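**Q** Below are the sequence and a predicted model; questions follow.
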Amino acid sequence: MMPFSDGAPVDCRRDPTESGIDCFLAGDIRANEQSGLTAMHTLWFREHNRIADAFKQMNPHWDSDTVFHEARKLVGAEMQHITYTHWLPHIIGSRGMEMLGEYTGYNQDLEPTISNVFATAAYRFGHSLINPILHRLNATFQPIPEGHLPLHKAFFSPWRIVEEGGIDPLLRGLIATPAKLKTPGQFLNTELTEKLFRAVHEVALDLASLNIQRGRDHALPGYTDWRRECNLSVPENFDQLSTEISSSDVRNSLQQLYGHPGNVDLWVGGLLEDPVEGARVGPTFLCLLVDQFRRLRAGDRFWYENPNIFKREQLQQIKQSTLGRVMCDNGDNIQDVTVDVFILPREQSPAFVPCSSLPYVNLRLWTDCCTGNVFCNYIHCICSG
Ligand code: HEM
């Protein structure tokens, strides 16, 4: 488990009457916000330590700073690889991937920082994908005795990971259960709009309202301004949006609430657009996501594919990494996963595979034995040069 926060400044809105177990301390203050997220933080924290242990053993002459930074560098590379190669295509589809294009190297003139519009609206598209129930599954992918977790019981509940079976049941649930399907009648589930952080707020919060209010707080230009910025058509009335928002009920609601498309908040308009084929977002969010993901990649001097960041052989190994393998290597006792954890088991054949059949990152390539190229099999490394 991650260390307990022990008074460190983390966002910890747990209900102390529920359990004496403290919140966890992680690299991001939000790690306790819901049990699925806590499980993911635990997983990557362990991946770091697993790699650091191996590096220390292979390179006894490395001091602790070197071990830490080399492990951190590899974990960052694995995350970049998994995010851009395995996850992003499901979010922005083939059209988005074409817009993003291939990696062409570091561009020092690009600003990689997160834009206001990405953080405050576009990337919050994820709020519409959240399943209202966190499924918790045992080794045979059946419900655990403690049962599944309605989301409102998972908010700020670190104790559930300690006392209700560790991280494995949550991770299995995440890979074996679909995300929420957006429907014209429901874009966010009611756990988020009616019961957000209910345990510790006298009146539960509403994530949709928070997002809308935050956009106004930040003085974000509205939906139609961003469509113009993205070279998309700019509607003068709600009928002109019928290609983007096909549900007339949704357009009528917008008409009643906003009067004119120019008044629509970006997060609302962007979320309500029909998804582009093969993507999970409509054209406006697609444009804004592609812009951020392009800048994050080309504007990052340490991007894992930037030549000279890793040795060629190390890069080959990094490209073997999958989130499924990270779960295998760092779960409490995960024996089987899906080959592609971003696709439902029923959508792939075989549905599940044993961990031992998955490729892995051969850490021996990080043996610091020489300045030339290193060629390793599982047991030996040979240095040329
Ligand atoms: C159960 C799951 C989740 C909950 C309870 C949740 C809740 C929240 C809350 C309370 C905020 C702060 C709202 C505000 O006051 O402005 C927030 C911000 C945000 N959320 Fe979520 N969220 C969840 C999942 C997601 C997912 C899956 C994504 C994206 C894929 C996402 C993206 C964001 C972003 C980008 C922000 C703004 C962060 C920043 O500006 O620093 N969230 N979320």
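**A** In hand now; what should we look at?

**Q** Am I right that residue 123 sits in a strand?
**A** No - the assignment for residue 123 (DSSP: H, G, I helix; E, B strand; the rest coil) gives helix, which keeps it out of a strand.

**Q** The residue in the stretch 1-150 of the chain positioned nearest to the ligand: neighbour count?
**A** The ligand sits closest to residue 126 of the stretch 1-150 of the chain, with a gap of 2.2 Å, by C-beta to the nearest ligand atom. Bear in mind the C-beta positions are built from the backbone N, C-alpha and C, glycine included. Neighbourhood size, residue 126 [other C-beta atoms under 10 Å]: 12.

**Q** That one and residue 80: what is the separation?
**A** For residue 126, the distance to residue 80 equals 18 Å [C-beta to C-beta, to the nearest Å].

**Q** just to revisit the earlier point, ok, now which ones touch the residue of the stretch 1-150 of the chain closest to the ligand?
**A** By C-beta atoms under 8 Å, 6 or more residues apart in numbering, residue 126 lies in contact with nothing.

**Q** Going along the chain, name the strands of the stretch 1-150 of the chain.
**A** When assigned using DSSP state E, counting those that start in this stretch, the strands of the stretch 1-150 of the chain occupy the ranges 133-134, 149-150.

**Q** Turn the ones you listed into CSV, including distance to residue 204, mean pLDDT and mean neighbour count.
**A** Below are the strands of the stretch 1-150 of the chain laid out as CSV (distance: least, C-beta to C-beta, whole Å; pLDDT from 0 to 100; neighbours: other C-beta atoms under 10 Å):
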stretch, distance to residue 204, mean pLDDT, mean neighbour count
strand 133-134, 17, 98, 20
strand 149-150, 13, 96, 18
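
**Q** do you know which of those lies nearest residue 184?
**A** strand 133-134 (21.6 Å; C-beta to C-beta).

**Q** what residues does the stretch 201-350 of the chain put near the ligand?
**A** Residues of the stretch 201-350 of the chain lying close to the ligand by C-beta under 6 Å from any ligand atom are 207, 210, 214.

**Q** follow-up on the earlier one: okay, the strands of the stretch 1-150 of the chain in JSON lines with distance to residue 25 next?
**A** Conversion of these to JSON lines gives the following (distance: least, C-beta to C-beta, whole Å):
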{"stretch": "strand 133-134", "distance to residue 25": "22"}
{"stretch": "strand 149-150", "distance to residue 25": "22"}
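
**Q** Figure out which of these is closest to residue 37.
**A** When those are compared by C-beta to C-beta, strand 133-134 sits nearest residue 37, at 10.1 Å.

**Q** can you give me how far the closest one is from the chain middle?
**A** 17 Å (C-alpha atoms, centre = their mean, to the nearest Å).

**Q** Tell me the strands beside that strand, with direction?
**A** strand 149-150 (antiparallel) (DSSP bridges).

**Q** ok, back up a step: write a PyMOL command that selects only the buried members of the residues of the stretch 201-350 of the chain next to the ligand.
**A** Buried residues within these, by 16 or more other C-beta atoms under 10 Å, are selected in PyMOL with:
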select buried, resi 207+210+214
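
**Q** Of all the strands of the stretch 1-150 of the chain, which one is nearest residue 17?
**A** Using C-beta to C-beta, the nearest of these to residue 17 is strand 149-150, at 18.3 Å.

**Q** which outside residues touch that closest one?
**A** With C-beta under 8 Å, 6+ apart as the test, strand 149-150 has contacts from 35, 132-134, 136, 160, 191.

**Q** That one vs the ligand: in contact?
**A** No - judged by C-beta under 6 Å from any ligand atom, strand 149-150 makes no contact with the ligand; its nearest approach is 10.9 Å.

**Q** what's the helix or strand that that strand is followed by packed up against?
**A** Sequence-wise, the next helix or strand downstream of strand 149-150 (DSSP states H and E) is helix 151-154. If contacts are counted by 3 or more C-beta pairs under 8 Å, 6 or more residues apart in numbering; DSSP states H and E, helix 151-154 sits against strand 133-134, helix 190-193.

**Q** of all these, which lies closest to residue 64?
**A** Of all the helices and strands packed on helix 151-154, strand 133-134 comes closest under C-beta to C-beta, at 36.3 Å.

**Q** what pLDDT does the residue lying closest to residue 287 once chain neighbours are set aside get?
**A** Nearest residue to residue 287 in three dimensions, chain neighbours excluded: residue 230, at 3.7 Å (C-beta to C-beta, 6 or more residues apart in numbering). We have a pLDDT of 98 for residue 230.

**Q** burial count for residue 230?
**A** 15.

**Q** Can you identify each of the strands in the stretch 201-350 of the chain by residue range?
**A** Using DSSP E, counting those that start in this stretch, strands in the stretch 201-350 of the chain cover 336-337.

**Q** give the contact list for the residue of it found nearest the ligand.
**A** Nearest residue of the stretch 201-350 of the chain to the ligand: residue 214, at 3.6 Å (C-beta to the nearest ligand atom). For residue 214, the contact set (C-beta under 8 Å, 6+ apart) comprises residue 120.
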